Structures are given as C-alpha cells and as structure tokens.
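# Here is a sequence with its predicted model. Questions after.
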Amino acid sequence: MSDLWAYVFESAAWALLGFVGGYLLGRAARDVHRVATAITTEDTVPDDQPPRSRLRAPGGHVILGLVVVLLGVLTVAQGIVTNNATRRIAECQAAYSNGFADALDARADATADAQTALDELMRAISGYLANPPVPPDKVRTAIGDYLAQRAKAESERQQHPYPPPPRDLCR
C-alpha cells in the first residue's frame, strides 16, 4: 500500500508543479502582452476614445484550471489501475516461478537417485561378469533394486508436476 501512496503523492506533486508552472508562464505572457498593448494603444488610440477595460471574465482560466486538475486526477487513476495490474501479474509470475523451481528440484533429485541406482546396477553386473560364474540371484537382486529405485523416482516425479504455464495462470 505504501507504493500506491508514494505514487499518488508523486503524481499530485507533478500535477501541482505543472499547474503552477503553467500559471506562471501564462501570467508572464499576459504581462508582456499588457506592456506591448499599452505602448501601442497609447500611440494609436485617439484621445476622444475611452480606453478598453483590462478586466476580463475569469471563466477561461477557471476552465483551463479545471481541465488541468481533471487530467491530473485521470493520470493518477490510470496509474493506480496500471500499477495494480502490473503488481498482480508480477505476483502471478513469481508464484509460477517458485512452483516451477520447487517441482524442478524435486524431479531432479528423483532423477539423480535413479541415476545412482543405475550406476550401482552397472557396477554390480560388471563385477559379477569379471569373476565368472555369474550368480543369477545376485544379478536379479541388483536389477530388482534398480527397478524399485526407478519406480520410486517416477512416483516422486508424478507427485511434483510442473505448474500450468503462466499464459493460462496469469490472466
């Protein structure tokens, strides 16, 4: 929630800075225009004509100020919506990555155990073949141990499936 408030305050600060900067630039432009018109009107206006009133209705400035404030509010609202959607997708991606890593670790451990059992089977059989006669009961036992370890590894892999892909999960 603190990220949200930080974003709101930062956006409000930028909106205020833009409003004040626009007001000051507009004020400076009006002052330059006033000086320019004062110089030219004094030289060109006949004495029998009354000077034009410098007072204008503030409606244009109020409308412009309201538009600026409205744009600031809409920008903050859009940022909040975008920030929430981005956060939701990032959390979903993190959950997928963690689930995938956990499944991958468990499956890799099971595969390593099965590979170790295969190595032990090959050592046992090669040892028996090096010293004839080959004892069939020990070969059967070594093969049985290997097959039991493979079944255990397969069961372990089935207990830890990969999570569904993020294209299906993070909508």
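The structure has been received and is ready for your questions. Residues are numbered from 1 along each chain as shown.

# Count the neighbours of Leu70 for me.
By the criterion of other C-beta atoms under 10 Å, Leu70 has 10 neighbours. C-beta coordinates here come from the backbone N, C-alpha and C atoms, glycine included.

# same question but for Ala101, I mixed them up
Using other C-beta under 10 Å as the criterion, Ala101 is surrounded by 11 other residues.

# Check which helices and strands the one helix or strand Ile80 maps to sits against.
In this assignment (DSSP states H and E), Ile80 forms part of helix 59-130. Where contact means 3 or more C-beta pairs under 8 Å, 6 or more residues apart in numbering; DSSP states H and E, helix 59-130 is packed against helix 2-44, helix 136-159, helix 166-169.

# Grab the CA positions of stretch 130-137 and hand them over as CSV.
Provided in CSV are the C-alpha atoms of stretch 130-137 (Å, rounded to 0.1, in the frame of the first residue of the first chain):
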residue,chain,number,x,y,z
ALA,A,130,34.6,-60.1,-14.2
ASN,A,131,34.5,-63.1,-11.9
PRO,A,132,32.7,-66.0,-13.6
PRO,A,133,30.5,-67.8,-12.9
VAL,A,134,27.8,-65.1,-12.7
PRO,A,135,25.4,-65.6,-9.8
PRO,A,136,21.9,-65.1,-11.3
ASP,A,137,20.3,-64.5,-7.9
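
# ok, and what's touching it?
Outside stretch 130-137, the residues that touch it by C-beta atoms under 8 Å, 6 or more residues apart in numbering are Tyr128.

# same deal with stretch 89-100?
For stretch 89-100, the external contacting residues (C-beta under 8 Å, 6+ apart) are Tyr162, Pro163, Pro165, Pro166, Leu169, Cys170.

# So the residue lying closest to the third one once chain neighbours are set aside versus Ala85, what's the distance?
The one in question is Pro165. Spatial nearest neighbour of Pro165, chain neighbours left out: Tyr96 (7.8 Å); criterion: C-beta to C-beta, 6 or more residues apart in numbering. As judged by C-beta to C-beta, to the nearest Å, Tyr96 and Ala85 stand 17 Å apart.
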